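Student: How does the following fold in three dimensions:
(2 chains)
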Amino acid sequence: GQSLEQPSEVTAVEGAIVQINCTYQTSGFYGLSWYQQHDGGAPTFLSYNALDGLEETGRFSSFLSRSDSYGYLLLQELQMKDSASYFCAVDTDKLIFGTGTRLQVFP
Amino acid sequence: IAGITQAPTSQILAAGRRMTLRCTQDMRHNAMYWYRQDLGLGLRLIHYSNTAGTTGKGEVPDGYSVSRANTDDFPLTLASAVPSQTSVYFCASSDTSGGAADTQYFGPGTRLTVL
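Tutor: Numbering: from 1, shown residues only, chains lettered A, B, ... in the order given. Now for the predicted structure:
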């Protein structure tokens, strides 16, 4: 079977750093994506890792370890607008989404 | 039109009724997808289309059908709605069918309630 695990909720304060972990078990694997979704909105693409290592895009970074079936999304200099749900998704030719991590940023 | 549009925005439907959710994209993307999103379950793929004229089944296809007569449109039909199909439905598209390396762009969603 295929499964992804990520924490259901994370809280942090403005300006802090938060890491959202994702572990997966899949029968095929091409890469790991991260999507952001604000309440009532549509998911939007944040990042994609096909190879091991860290990918940085502004305040957001994403990491992948294929040997450990593990990845994380790192959000730095948190802002109130970062309060949203974050989904990891495994690319097995089609996307398999995790159940999401709700991030609440407090002032 | 810019990106992906879905219609209707929301709908309340009696069980047993037929319903078609519409999805149109203007980005000339090859691949299109339908997902449902339920609380605590994330996004689950219902059906997909790698290119016009072809469709495939996702994780949860039962009770749903799709067609892809052209590049832009990808309607999702519930032939006889049941309460368990109450959900938020998202349509998405990507430039090729090669997997997640091709960013998926999502429509605004349709909130469907089946009573």
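Student: Point out where the chain drops to low pLDDT.
Tutor: Using chain A here. Of all residues in chain A, none has pLDDT under 70.
Student: could you do chain B instead?
Tutor: Using pLDDT under 70, the flagged stretches of chain B are B:1, B:97-101.
Student: quick one: buried residues of the helix or strand B:Gln6 falls within?
Tutor: Element membership for B:Gln6, per DSSP states H and E: strand B:4-7. Buried residues in strand B:4-7, counted by 16 or more other C-beta atoms under 10 Å in any protein chain shown: B:Ile4, B:Gln6. In short, each C-beta sits where N, CA and C put it, glycine included.
Student: Count the neighbours of the closest residue to chain B within chain A for me.
Tutor: Proximity of chain A to chain B (C-beta to the nearest C-beta) peaks at A:Asp91, 3.3 Å away. Residues lying near A:Asp91 (other C-beta atoms under 10 Å in any protein chain shown) number 22.
Student: wait, it sits on A:Trp34?
Tutor: No - using C-beta atoms under 8 Å, A:Asp91 is not in contact with A:Trp34, being 11.7 Å away.
Student: what's the overlap in contacts for the two?
Tutor: Jointly contacting A:Asp91 and A:Trp34 under the rule C-beta atoms under 8 Å, 6 or more residues apart in numbering or on different chains are A:Tyr48.
Student: wait, what's in contact with the most centrally placed residue in chain B?
Tutor: Of all residues in chain B, the one closest to the mean position by C-alpha atoms, centre = their mean is B:Trp34, 2.7 Å from it. Each residue near B:Trp34 by C-beta under 8 Å, 6+ apart is listed here: B:21, B:23, B:45-48, B:58, B:64, B:66, B:74, B:76, B:89-92.
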